[in-house]
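>>> Any chance you could fold what I've pasted below:
(3 chains)
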Amino acid sequence: MLEAIAFYGLAALILGFGVMVITARSAVHSVVFLVLNFLAVAVVYVVLGAEFLAVIQVLVYAGGIVVLYLFVVMLVNQKRTPEAHHDPHRKTGLGIMLASAVLAEVTAIVVYTASAPSASPIPVSSPVVGGNTEQVGWLLYTDYLIAFEVASMLLLAAMVGAILFARRMD
Amino acid sequence: MNNLPAIIPILIVVLSAAAAMLAEAFRQPGERMPIAGLGLIGLVGAGAASYFLWDKDAQSFGVVRADNFALFINIILCIIGVLTMVFSNDVVEREDIPGGEYYALTLFAISGMMLMVAATDLLVIFLALEVLSLAVYVLTGIRRESAEGAEAAFKYFLLGAFSSAFFLYGIAFAFTIAGSTRLDEVGKAMASAPHATLAMLAVALLAVGFAFKISAVPFHMWTPDAYEGAPTIVTAFMSTGVKAAAFGAFVRVFLSTLQPLEGHWVPVLAVIAGATMIVGTVVGVLQSNVKRMLAYSSIAHAGYLLLGIVAASEDGKAAVLFYLLVYAVANIGALGIVALLGTAEHPHDQLRDFAGLWRARPGLAGLMTVFLLSLGGFPPTAGFIGKWYIFAAAVRDGYYSLAIIGVLSSVVSVFFYLRIVVMMYMTEEAAAPARPRVSGPAMAGLALAMLATFYLGVLPTRVIEYAVESVKAIV
Amino acid sequence: MLSTIVFLPLVGAVLVLLLGGRGDRAEREPIVRYAALAVSLVSFASTLWLWMQFNASTAEFQFVEQHEWLPQFGISYHLGVDGISLFLVVLTGFLTPLALLTSWQSVHESVKLFSFFMLVLETAMLGVFVSLDLFLFYIFWDAVLIPMYFLIGIWGYERRIYAAVKFILYTMVGSILMLVAIIGLGYAHASSTGTLSFDLLQLYGTALSRTMETWFFLAFTLAFVIKVPLFPFHTWLPDAHVEAPTAGSVILAGVMLKMGTYGLLRFAFPLFPTAAAEFAPYIAALAVVGIVYGALVAMVQPDMKKLVAYSSVSHLGFVVLGLCAVNVNGVQGAVYQMLNHGVSTGGLFIIVGMLSDRRHTRLISEYGGLKAVMPRLVAAFLLITLSSIALPGMNGFIGEFLILLGAFRWHPKVAAIAATGVILSAVYMLWMFQRVNYGDVTNEENRRLPDLSPREWAIMIPTIATAIAMGIFPGVFLKPMEPAVVRVVDRIHGTLPAAASTRSPGSGLRASDESSTLAPRPAADSPLISTLGSRPSALGPRSSRIGQR
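Here you go, the predicted model:
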């Protein structure tokens, strides 16, 4: 029951932040909403019991990629200063209420997960597999080896493409 | 090392892609390196490896299976790749396309295509699809100076990303039902719970994902723009290779794994097939840009192939494979000629560019005629046998109305193929555009394609036997 | 042997292409022309040889070649001639050299390509007439379209592209529906007998449901009647004929239109006898409308070629009428008329071509009083005209008489209306002839026109000789045809001796009442033939029927 609330709430957040990414006026705002989106996805992973994925999500996506985006956006946007803009539709009160609700929810989840009796679905002392990380690693190098390698091929192709498009035309 | 043989063809192609990149890295600016030759060797090697793997049913980690079906399509892909390499050799230098990266990306795309048809796991299919899609998106926009190219690449990328998302969602639902992404597990699960909503959703979303890639109506909107904006040689590669891979995976997933749900998806696909054939031909008639015209023609051909899938019998599957080969050879030939005649300033893709080609370049005009006749389905070219095979499968399963739509749209399509022929032979040119020389290897490639077209048109027995045999592997 | 005959022109075509060298070198032209002519003459000689070797007393297919081709589809490479197709093959062999000869004056562009297409066309046409496998037949049928399309589109007159595209699309729509019917028939046969086959002889007598049979029959017939052309599917013909170069018109009218009537006789009617019986009256009605309409429209044409084109519609209406009667007289007359029309209309187009080579116009008003200027050409013109209007003593008379006889036995009123077509054809032809050739020389340009050149003599003499010979010695042609015609008629009626027919002999066409009372394998009407002085038939007389009535 609690899980359902958590999931739907987080899903709403993810979708909401996603929409904000596309509709935000400033590129920097876009990227920041993207970070929040990724963080919400990480929380979903935690709820599902995939802590390894959650950590990787935060580290790689929110930490690495989005920060890279931010750098680029800020460097590119250098010349344009953010415009002072008064929004007649802004409702400060509503915003504060929603933000508090989100905060309360996140706190509740964190507290719940921390205080729950070791309800991790993966037995820690298993003769074959260890924790989340070990299990994922095991799968990646046995059953999903091909998928893993293909993913690396995908990254290589993407890199080549990105460099092609980004380099100076001469 | 029993896991390795199945992926050897793919490995060879990936290695040649890496070699192409390395060669480019060590190339001095202005130095001419036969990187296309590298690609050629790799593809020939992969083709040979596929040939040696025939009937061995090698498996790799349970997710890749080099069964006869995959090997047959591998060989089709190698043929497509070889022809693309041979034509690209001429084009890349002329049009200022960054050579090494172009070949590397093409080879990556081919490896993705090969993997896609050999994969027996939905996740691997998806990854392979992404590899080939990404490479093709980049190839579409590889000519940086061209605004149409950038627009085409962007449109393709955006819509392609959407469709990949749908596809992934479908995989997620399939996983939910089956607990695994392996095709055989999914098949078993589908068979035991065929009416569950999740199953329907999975099938629908997977179908959407595939339908986009094969440009079936109504997911075809990206095709004309993407094909028109991309460099012609990339269009030739895209229209044949991506279709071959997508149809291969389509057949494997839908006709073996999702077979139990036949009653549900066959009617929908039948409607889509009919609509695709009609839209492809009717709208194609209105075009004056040859590349756009051939894009719509490839939509129509996707319709015929879908008809083969709808006629979900043994015959239907083998017909799809045979038709893929026939269509690939003819389409690459036709678009290859357009590519070879074009330069960066003058892409030679308008209808009136072809005026009087018979007088200026009789050989090319003759070859173009043969390829267009094959696309139109005239005997004694391969296109006729391909169409016969597909329509026979449809009639045998009782899809008379679809067969009639198919043949009538075939006649309409003849109209726009003939327009090009008329231009070549029967119209005087006002001012002949400067047409570049076509190199020896390219002519040889075209000649081979023509010979294949006639061979498959007169003595197709051997190849059809192979096709039938290879289909038995995925029953 | 048949394969050699069929593919010889194709080999010659490639030879011509090679001999022509690169591009369109003018000095190579004569070599190309003579080579093409030589190939076509050799091909004609081989068809004559076929005729000599043909056994005229049997209805079986001869010179049969059968090989496996696509066993997974049940398709075999099956060729054979019988009395009906034999003469069509000879006609093809006869007209091709003539067509090539007529083009020597008028075609100067890309002679190599022109000859190539003419020879490829010859192979395709020969293949159509001797194929005994439906798939093979369809391949040759479609293969005819491409060279003809090029011939009209490249070497034609002003509106050639429009005419060529109309020709190909119109014909293709019909034939593509026939393709679906062929496939359907093959699979219907497979589901009832267990073996998939597209072999004609095996497909005869396939058990089909009424609806299936009707649809298949209609699909086949549509393809064929577009080709014939039968009113109202004839609208492609005038354009195609007018815009085609002379050689193209000769082949188009002389041979290609016969492919339609041949298809009706060989495929549509015998494969689907019940449906044929049902629709024959309607098809005959359209044929008669075509006869009269074609004649009336021909009368008002200012352009000679268009006039001859409409006359084709009219004459081939007779042929279709004869076929619809489905009795020996009618069908034999129809087949004979196919040959006649080839010779006489081919000859007419040749003459018109000669005139247009000289004056570059086809309008009747531009000519007048040519008899004084070119007496020999006019004499040839006269003889061909008389052949076309079926003057007794010429070939057309035999054909039309037999057809009218057969039609009269079937549906007297229909025959009566059709007979008016004979009168109308005389009207428009003779009136055209008079306006062009008699009277004063109204146009000064006509005064200096040259008479027949040696090359033109070489074309006209065989044509006229054949027309006269076919008129005086029809038995030479009718006798080998007889057994095959009788067999086809029996097959359509379902009265084949020891035939695996599931229908009772009395059902179907009305004329079957007569044939069912006869002994098996009856002969043609010998009294009719003997009155014309040819060899009487060796088989038993069928004339007893005439006495009975």
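
>>> I'd like to know how many residues surround the residue in the stretch 251-400 of chain C that chain B sits nearest to.
Across the stretch 251-400 of chain C, the shortest distance to chain B (CB to the nearest CB) belongs to C:Met259, at 14.9 Å. All C-beta atoms are positioned from the backbone trio N, CA, C, and that covers glycine. Neighbour count of C:Met259, defined by other CB atoms under 10 Å in any protein chain shown: 24.

>>> Which helix or which strand is home to residue 137?
Using chain A. helix A:132-141 (DSSP states H and E).

>>> my bad, chain C
With DSSP H and E as criterion, C:Phe137 is part of helix C:134-143.

>>> for the record, mean pLDDT for that helix?
The average pLDDT for helix C:134-143 rounds to 92.

>>> per-residue confidence for residue 159?
Picking chain A for this. 90.

>>> wait, I meant chain C there
88.

>>> ok, it to B:Val412 distance?
Using CB to CB, to the nearest Å, C:Arg159 is found at 22 Å from B:Val412.

>>> which one of those two has more residues nearby?
Applying other CB under 10 Å to C:Arg159 and B:Val412 shows that B:Val412 carries more neighbours, namely 19 against 12.

>>> Low-confidence ranges, the stretch 1-150 of chain C, go.
For the stretch 1-150 of chain C, residues meeting the criterion pLDDT under 70 lie at C:23-25.

>>> can you tell me if stretch C:233-248 touches chain B.
No - using CB under 8 Å from any CB of the partner chain, stretch C:233-248 stays clear of chain B, with a minimum separation of 11.6 Å.

>>> before we move on, the earlier item: which element is the residue of the stretch 251-400 of chain C closest to chain B on?
Assigned by DSSP H and E, C:Met259 falls in helix C:257-263.

>>> Report all helices and strands that that helix contacts.
Here helix C:257-263 touches helix C:83-106, helix C:111-130, helix C:210-227, helix C:304-325, helix C:328-359, going by 3 or more CB pairs under 8 Å, 6 or more residues apart in numbering or on different chains; DSSP states H and E.

>>> If you average the pLDDT over the following helix or strand past the longest one, what comes out?
Toward the C-terminus, helix C:328-359 is succeeded by helix C:370-373 as the next helix or strand (DSSP H and E). For helix C:370-373, mean pLDDT is 84.

>>> In CSV, could you pull the C-alpha coordinates for the next helix or strand after helix C:370-373?
Downstream of helix C:370-373, the first helix or strand assigned by DSSP H and E is helix C:375-388. What follows is helix C:375-388, C-alpha atoms only, in CSV (Å, rounded to 0.1, in the frame of the first residue of the first chain):
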residue,chain,number,x,y,z
PRO,C,375,0.1,3.2,-109.7
ARG,C,376,1.9,0.2,-108.3
LEU,C,377,1.6,1.3,-104.7
VAL,C,378,-2.0,2.0,-105.3
ALA,C,379,-2.5,-1.4,-106.8
ALA,C,380,-1.0,-3.0,-103.7
PHE,C,381,-3.1,-0.8,-101.6
LEU,C,382,-6.2,-1.9,-103.4
LEU,C,383,-5.4,-5.6,-102.9
ILE,C,384,-4.8,-5.2,-99.2
THR,C,385,-8.0,-3.2,-98.9
LEU,C,386,-10.0,-5.8,-100.6
SER,C,387,-8.5,-8.4,-98.3
SER,C,388,-9.4,-6.3,-95.3
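
>>> Now do the next helix or strand after helix C:375-388: which elements does it pack against?
Where DSSP H and E defines the elements, the next helix or strand beyond helix C:375-388 is helix C:395-410. Helices and strands touching helix C:395-410, by 3+ CB pairs under 8 Å, 6+ apart, are helix C:304-325, helix C:328-359, helix C:375-388, helix C:412-437, helix C:454-472, helix C:474-493.

>>> do the helix holding C:Phe137 and chain B meet at all?
Yes - looking at helix C:134-143 against chain B by CB under 8 Å from any CB, the contacts come from C:Phe135, C:Tyr138, C:Ile139, C:Phe140, C:Asp142, C:Ala143.

>>> what packs against that helix?
Using 3+ CB pairs under 8 Å, 6+ apart: helix C:134-143 touches helix B:382-396, strand C:75-81, helix C:111-130, helix C:160-193, helix C:200-203.

>>> what angle separates it from helix C:111-130?
150 degrees (axes from the mean of the first three to the mean of the last three CA atoms, to 10 degrees).

>>> Residues contacting helix C:134-143, please?
B:378-380, B:384, B:388, C:69-70, C:73, C:75-79, C:120, C:124-125, C:127-128, C:131, C:172, C:175, C:178-179, C:182, C:185-186, C:198-200, C:203, C:223, C:259, C:263, C:267 (CB atoms under 8 Å, 6 or more residues apart in numbering or on different chains).

>>> Following element in sequence after that helix, please.
From helix C:134-143, the next helix or strand downstream (DSSP H and E) is helix C:145-155.

>>> List the contacts of that next one.
In contact with helix C:145-155 (CB under 8 Å, 6+ apart) are residues B:373, B:378, B:418, B:422, B:425-426, C:107, C:109-110, C:113-114, C:117-118, C:120-121, C:124, C:160-161, C:163-165, C:167-168, C:171-172, C:240, C:243-245, C:247-248, C:251-252, C:256.

>>> show me which of the residues you listed neighbour chain A.
Counting by CB under 8 Å from any CB, no member of those is near chain A.

>>> which of the residues you listed are buried?
Neighbour counting by 16 or more other CB atoms under 10 Å in any protein chain shown classes B:373, B:378, B:418, B:422, B:425-426, C:107, C:110, C:113-114, C:117-118, C:120-121, C:124, C:160-161, C:163-165, C:167-168, C:171-172, C:240, C:243-245, C:247-248, C:251-252, C:256 among those as buried.

>>> sorry, back to before: for B:Ile299, which of the helices and strands packed on helix C:134-143 is the nearest?
Ranking the helices and strands packed on helix C:134-143 by distance to B:Ile299, with CB to CB as the measure, places helix B:382-396 first at 15.7 Å.

>>> So C:Phe61 versus C:Phe129, what's the distance?
C:Phe61 is 12 Å from C:Phe129, by CB to CB.

>>> Between these two, which has more neighbouring residues?
Counted by other CB under 10 Å, C:Phe61 and C:Phe129 do not tie: C:Phe129 has more neighbours, with 25 against 19.

>>> so the more buried one touches C:Thr92, yeah?
Yes - shown here, C:Phe129 and C:Thr92 form a contact pair, counting by CB atoms under 8 Å, at 7.0 Å.

>>> ok, now how distant is C:Lys371 from C:Asp440?
From C:Lys371 to C:Asp440 the distance is 10 Å (CB to CB).

>>> can you check C:Ile283 too?
Taken as CB to CB, the span from C:Ile283 to C:Asp440 is 46 Å.

>>> residue ranges for the helices of the stretch 51-200 of chain B, please.
Assigned by DSSP state H, counting those that start in this stretch, the helices in the stretch 51-200 of chain B fall at B:68-94, B:99-118, B:122-140, B:147-178, B:183-192, B:197-213.

>>> Could you identify which of those helices is most buried?
Neighbour counts (mean count of other CB atoms under 10 Å in any protein chain shown) averaged over each of the helices of the stretch 51-200 of chain B peak at helix B:99-118, with a mean of 29.
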